[in-house]
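Student: Let me see the structure of the following:
(2 chains)
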Amino acid sequence: MKKMILLLLLTAVVLGINGQGVSMKGYVHCAEHDHYLPAASILLQPGERHLQSDENGFFALDELARGNYLLTVQYIGYEPLTLSLSLQQDTLLHIHLHPSALLLKEVMIEGEQPKEPSLAPALAVEELGRHFLMQEHSESFAKTLATLPGVASMDIGAGFSKPVIRGLGFNRVAVSDRGIVQQSQQWGADHGLEIDQYDVDNVRVYKGPMSLHHGSDAMGGVIEILPPQVPQQEGVRGDLTLTAKSNNDLMGVSAAVAAKSGRWYLRGRATLQHYGDYRVPADTVTYLTRQLPLHGRRMKNTAGREQNLSFSVNYGGDSLESWLHASYVSGRNGFFPGAHGIPSLDRLLPDGSVRNLDMPYSSSGHLKLISNNRIKLKGATLQADLGVQQNRRAERSPFHTHYGSQPPPAVDPDLELQFLLNTYTLNSSILWDQEKRWRKQAGIAAELQHNRVGGYSFLLPAYDRITGGAWWMNEFVVNDRLTLSGGLRYDIGSLTVEGFHDPLLEAYLLSQQLSAAEAAQYAQRAEALQRRFGDWSGALGIVYRPSERHAFRMNVGKSFRYPTAAELASNGVHHGAFRHEQGNNTLNPERGIQWDGEYRYHDHRWEVTVSPFLSHFGNYIFLEPSGIWSMLPHTGQIYRYRQARAVTGGGELAVTYRLDAHWQLGGDLEVVRNRNLEDGYALPFSPPDMATGDLSYRGFSPGTMAQYRLRLQYRHVWDQQRVAKNEEATAGTSLWDFSAHLQWRIGRRRVITDLQVQNIFDRPFLNHLSFYRRLNIPEPGRNVQLIVRVPIG
Amino acid sequence: MKTNHIIVLLMLAAVTAFSGCDSNEIDTAKPQILLSEPAEEEAYAPGSAIHFVVTLSDNVALASYKVNIHGAFDGHTHSAVQPSLTRATDAEPHPFERTWMESEFIAQGEEPIAGKQQVIINHRLMVIPDSIEGRPVKEGHYHFTVYCTDSSGQESFIAREVEITHEAGEHLH
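Tutor: Just a heads-up that it's a prediction; the model follows:
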């Protein structure tokens, strides 16, 4: 029996006799499924020669002395195989490994996502698994994704960030969690992405226009979080993940339990994180020409805590598959008091604890219910995704006022700002002829948003938004090398913004001798308005794989984005951004025509990806300084939203070279150029050019340390001199990082540890995209981070 | 591999297309502010006029300026005073805060700076009041800030500490 499980097929082929040594080549193949096993560990004794199979499952050893050998082949999730060989001539082996019952439990956690039936765009896409997300784990989900070429993060301190793809961020990138677009990013620059990164198993990052698939907001790309994979085997399993970070003394724990029985699968995860003020490699920051001290090189009051819960149920029937996901992501993050209004030296003095959280701080809670349903009909698949989400956000700061006459509120006097957004989403589609050469998919989408505000300060107006769209997509498989795709979509939307008149501000301005007309104009903090929008989007794509080694993709898409309530109707000081921002109620939907190309080459040593892009926006929406002074206290000039023709272009180049079975060299380069075609300036928040290079060493062993990978990485960020009007240029930097991924065999258990040392030399650097860039606050300094993952059950 | 080269060329073309455009004249230089008066820690008595001497310049053209004075009593903040806790009595001093827009100075006869490359402004049009709403002006440290924009919306500012005190002597500038 055991022999049946272990060894399967062994074919020796005589390749000819060599005078010197002999060679041994072979393929490692799965015995149960039709695929080769890449990166299988191969050990030949005597001689202790270790090597690894390539992505085709192939391995080769040359110049071997004739004689008797012992060959051990290992692969995670498979029973190890040991063979005794008598090598007398060049030999080719076919080795079949059997999946192991024990280690399949790990495959449940690390496995690849199932292929869901939908038509994929012909866009550059990166697929990331849990493994990658843990190895590259950073302060936030968006920052973890920023390790990909072409992706950057817009950070708000150490806890919050939002993703930027090829220079497009804010509402120009949609994050779709299990089919439902995640909300709250659109509130503004200082609102991060509320995602528990421990709860993400598989994610796809599309770089390019995706309005055809997601409607408004997906111009720059989409980050698609996929549902977890349901294991084949029944039983109860789980995992425990412990995280520690030195930079902000973070301690985190995340635990998951999953059970499968019959057609049902249940999974729950809880995550807790607690962290202190983060450290920066600087003693002072310069703001308003004043040097502000950073006592102990820490950003005071940037401590925070996070509690997340998620629960998923799956029913997998023959014709119906359903998921129900419920999640609650909540957090509390302190604001650096020097970055909230005019800085005060008193408020920057140490308060005796680096873990406490004082005002000002923000608290957020994001509740989400998602239902995914798939019905298989004869020759067609019907899909319906329903989502309900509630975003709560409150910013608390001791009651203060810019206008002497404002009384503190009777209830909750320290609540400065509050937002409450409810979103209801429905996406439904039908896919037919999916086994045929011409595949078709059609769908409808609808979304309802209801936003309400509170607090003694005012920033964003209350609004209601209803949007809906219908689309049709095609995929035509010309032959096994060439696939064409395309589609069209039309969306309509209606936005109603509630007006807000601030009588206290009006009284203050009148006391400052402003005319009644001027005072009334400033006091109208949001203008009531109702707008209707409609726009089409479309895409044409081609995927061509002339041979196994080469792959080309090209996509031309037309995308759009509706203006937000803030862009249309806001008027007043944005405390986070330190300026008076004024909406423009004449804005039209932003439109872009975007071209993307990608070429991938791979062989057993090289992997090269080149992905250029070029986009033209007919009316890019951005904030521009008007040159007109605001009469509001503690502000500079008024920034107004406007639209202009703009182009962006650039691309990414990524190269990997395997020196041998152990050593690997990698590098990537990302470049974004953009320009406002009307005045020649760059667009705000343009990512600087960046290059990375890394050297890694990996191996396998039959001992306690089953598998390891060590990596040294160098990152170079160029100066960013191409700036928008009144935007600061940012100096470049060079950073070194180290990481060690180790898998330990402890008893019958495999424990995974991921160690990272980020910014080894503690170099101070400014992130051009950071929210704190305007305050000259450097990014977090050196950080040593350890993640330990223990599978249970 | 030929197509490979084409893609690389396209990418390079996309990048150089933009770098090439940089020859267009765009102004990224901020206006310069050289504040001669008031000097750092200069003291003024309530009721007196501030002697304001500033040189504003820009590589292309200036647009506008403004001046703000606000209290710095609690170490540079505008947050701590809770009106409910500090219910003012008649005798209690009132912190002074005021922004002067360029338009006010123009109304009083000053030349607008818009369109000029360099301007020296020298006037005594800013007066610190004796009292506000019947209460004396609070003495202490204040921040005196000058903001200036140029024709393309670039902004600079300079901040200086001044003192408002009855002990200030006559200004002989």
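
Student: can you map out the helices along chain B?
Tutor: B:2-21, B:102-107 (DSSP state H).

Student: Mind telling me which of these the model trusts least?
Tutor: Sorting the helices of chain B by mean pLDDT places helix B:2-21 lowest, at a mean of 56.

Student: A:Arg745: what's its closest spatial neighbour, skipping adjacent residues?
Tutor: A:Ala706 (4.5 Å; Cβ to Cβ, 6 or more residues apart in numbering or on different chains). Just so you know, the C-beta spots here come from the backbone N, C-alpha and C atoms, and that holds for glycine as well.

Student: Give the bridge partners for the residue nearest to A:Gly493 when sequence neighbours are not counted, please.
Tutor: Nearest non-adjacent residue to A:Gly493, counting by Cβ to Cβ, 6+ apart: A:Thr467, 3.8 Å away. Beta-bridge pairing of A:Thr467 under DSSP bridges involves A:Glu447, A:Gly493.

Student: Enumerate every residue touching A:Thr467.
Tutor: A:215-216, A:446-447, A:491-494, A:562 (Cβ atoms under 8 Å, 6 or more residues apart in numbering or on different chains).

Student: Check which residues of stretch B:117-125 are buried.
Tutor: If you call a residue buried by 16 or more other Cβ atoms under 10 Å in any protein chain shown, then stretch B:117-125 has these buried ones: B:119, B:121, B:125.

Student: Just the ones of those in strands?
Tutor: With strands taken from DSSP state E, the overlap with the buried residues of stretch B:117-125 comprises B:119, B:121, B:125.

Student: Tell me the confidence at the last one?
Tutor: Spelled out, that is B:Leu125. At B:Leu125, pLDDT is 88.

Student: What's the separation between it and chain A?
Tutor: Per Cβ to the nearest Cβ, to the nearest Å, B:Leu125 is found 14 Å from chain A.

Student: Am I right that that residue is in contact with B:Phe105?
Tutor: Yes: taking contacts as Cβ atoms under 8 Å, B:Leu125 lies within contact range of B:Phe105: 5.6 Å.

Student: So in that sheet, which strands flank the strand or helix carrying A:Arg553, and in what orientation?
Tutor: Element membership for A:Arg553 (DSSP states H and E) is strand A:550-561. Strand A:550-561 has the following sheet partners, assigned by DSSP bridges: strand A:529-544 (antiparallel), strand A:590-602 (antiparallel).

Student: gap between it and the chain center?
Tutor: Centroid displacement of strand A:550-561 relative to its chain, using Cα atoms, centre = their mean, to the nearest Å, is 20 Å.

Student: could you point out which element follows that strand?
Tutor: With DSSP H and E, the next secondary element past strand A:550-561 is helix A:565-569.

Student: So what pairs up with the nearest residue to A:Pro688 once chain neighbours are set aside in the strands?
Tutor: Closest residue to A:Pro688 apart from its sequence neighbours, by Cβ to Cβ, 6+ apart: A:Gln720 at 3.9 Å. Bridge pairing for A:Gln720 (DSSP bridges) gives the partners A:Thr730.

Student: Just the pLDDT at residue 156, thanks.
Tutor: You didn't pick a chain, so chain A it is. With respect to pLDDT, A:Ile156 has a value of 73.

Student: I was thinking of chain B, sorry if that wasn't clear
Tutor: B:Ser156 is given a pLDDT of 87.

Student: If we go by neighbour counts, what in the helix or strand harbouring A:Asp62 is buried?
Tutor: For A:Asp62, the element it lies in under DSSP H and E is strand A:58-64. Within strand A:58-64, the residues scored as buried using 16+ other Cβ under 10 Å are A:59, A:61, A:64.

Student: And stretch A:304-324, by the same measure?
Tutor: A:304-310, A:312, A:314, A:321, A:323.

Student: Kindly report the same for stretch B:45-57.
Tutor: Here stretch B:45-57 shows B:45-46, B:48, B:50-54, B:56-57 as buried, counting by 16+ other Cβ under 10 Å.

Student: Closest one to chain A out of these, please.
Tutor: The shortest approach to chain A among the buried residues of stretch B:45-57 belongs to B:Leu56, at 13.9 Å (Cβ to the nearest Cβ).

Student: so what's that closest one up against?
Tutor: B:31-34, B:62, B:65, B:113, B:118-119, B:121, B:148.

Student: Generate a ChimeraX selection restricted to the buried subset of those residues.
Tutor: Of these, the buried ones go into a single ChimeraX selection, burial set by 16+ other Cβ under 10 Å:
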select /B:31,32,33,62,65,113,119,121,148
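
Student: Okay, and which of the contacts of B:Leu56 map to strands?
Tutor: Using DSSP E, these in strands are B:32-34, B:62, B:65, B:118-119, B:121, B:148.

Student: coming back round to it: could you list the buried residues of the strand holding A:Arg553?
Tutor: Buried residues in strand A:550-561 (16+ other Cβ under 10 Å): A:550-561.

Student: Adding pLDDT and distance to A:Arg172, write the residues you listed out as CSV.
Tutor: Listed next are the buried residues of strand A:550-561 as CSV, based on pLDDT from 0 to 100; distance: Cβ to Cβ, whole Å:
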residue, pLDDT, distance to A:Arg172
A:His550, 93, 31
A:Ala551, 92, 27
A:Phe552, 94, 26
A:Arg553, 94, 21
A:Met554, 95, 21
A:Asn555, 94, 17
A:Val556, 95, 18
A:Gly557, 93, 13
A:Lys558, 95, 14
A:Ser559, 94, 9
A:Phe560, 93, 11
A:Arg561, 93, 6
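
Student: Next, give me the two most distant ones among those residues.
Tutor: The distance between the two most remote of the buried residues of strand A:550-561 (Cβ to Cβ) is 34.5 Å, for A:His550 and A:Arg561.

Student: Please report the number of neighbouring residues for B:Thr99.
Tutor: The tally of other residues near B:Thr99 (other Cβ atoms under 10 Å in any protein chain shown) stands at 20.

Student: Bridged to it, which residues?
Tutor: Bridge pairing for B:Thr99 - DSSP bridges - gives B:Asn68.

Student: who touches it in this structure?
Tutor: B:Thr99 neighbours (Cβ under 8 Å, 6+ apart): A:512, A:631, A:633, B:66-68.

Student: Now A:Gly651: closest residue in space, sequence neighbours ignored.
Tutor: Nearest one to A:Gly651, counting by Cβ to Cβ, 6+ apart, is A:Pro612 at 3.6 Å.

Student: As JSON lines, the contacts of B:Leu56 with distance to chain A would be great.
Tutor: Formatted as JSON lines, those follow (distance: Cβ to the nearest Cβ, whole Å):
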{"residue": "B:Pro31", "distance to chain A": "11"}
{"residue": "B:Gln32", "distance to chain A": "14"}
{"residue": "B:Ile33", "distance to chain A": "11"}
{"residue": "B:Leu34", "distance to chain A": "14"}
{"residue": "B:Leu62", "distance to chain A": "10"}
{"residue": "B:Tyr65", "distance to chain A": "8"}
{"residue": "B:Ile113", "distance to chain A": "12"}
{"residue": "B:Gln118", "distance to chain A": "18"}
{"residue": "B:Val119", "distance to chain A": "16"}
{"residue": "B:Ile121", "distance to chain A": "16"}
{"residue": "B:Cys148", "distance to chain A": "10"}
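
Student: With pLDDT added, can I get the contacts of B:Leu56 in TSV?
Tutor: Formatted as TSV, the contacts of B:Leu56 follow (pLDDT from 0 to 100):
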residue	pLDDT
B:Pro31	92
B:Gln32	92
B:Ile33	92
B:Leu34	91
B:Leu62	93
B:Tyr65	92
B:Ile113	91
B:Gln118	92
B:Val119	92
B:Ile121	90
B:Cys148	91
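
Student: possible to save the contacts of B:Leu56 as JSON lines with distance to A:Pro687?
Tutor: JSON lines is the format used below for the contacts of B:Leu56 (distance: Cβ to Cβ, whole Å):
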{"residue": "B:Pro31", "distance to A:Pro687": "28"}
{"residue": "B:Gln32", "distance to A:Pro687": "30"}
{"residue": "B:Ile33", "distance to A:Pro687": "31"}
{"residue": "B:Leu34", "distance to A:Pro687": "35"}
{"residue": "B:Leu62", "distance to A:Pro687": "32"}
{"residue": "B:Tyr65", "distance to A:Pro687": "33"}
{"residue": "B:Ile113", "distance to A:Pro687": "36"}
{"residue": "B:Gln118", "distance to A:Pro687": "36"}
{"residue": "B:Val119", "distance to A:Pro687": "38"}
{"residue": "B:Ile121", "distance to A:Pro687": "40"}
{"residue": "B:Cys148", "distance to A:Pro687": "30"}
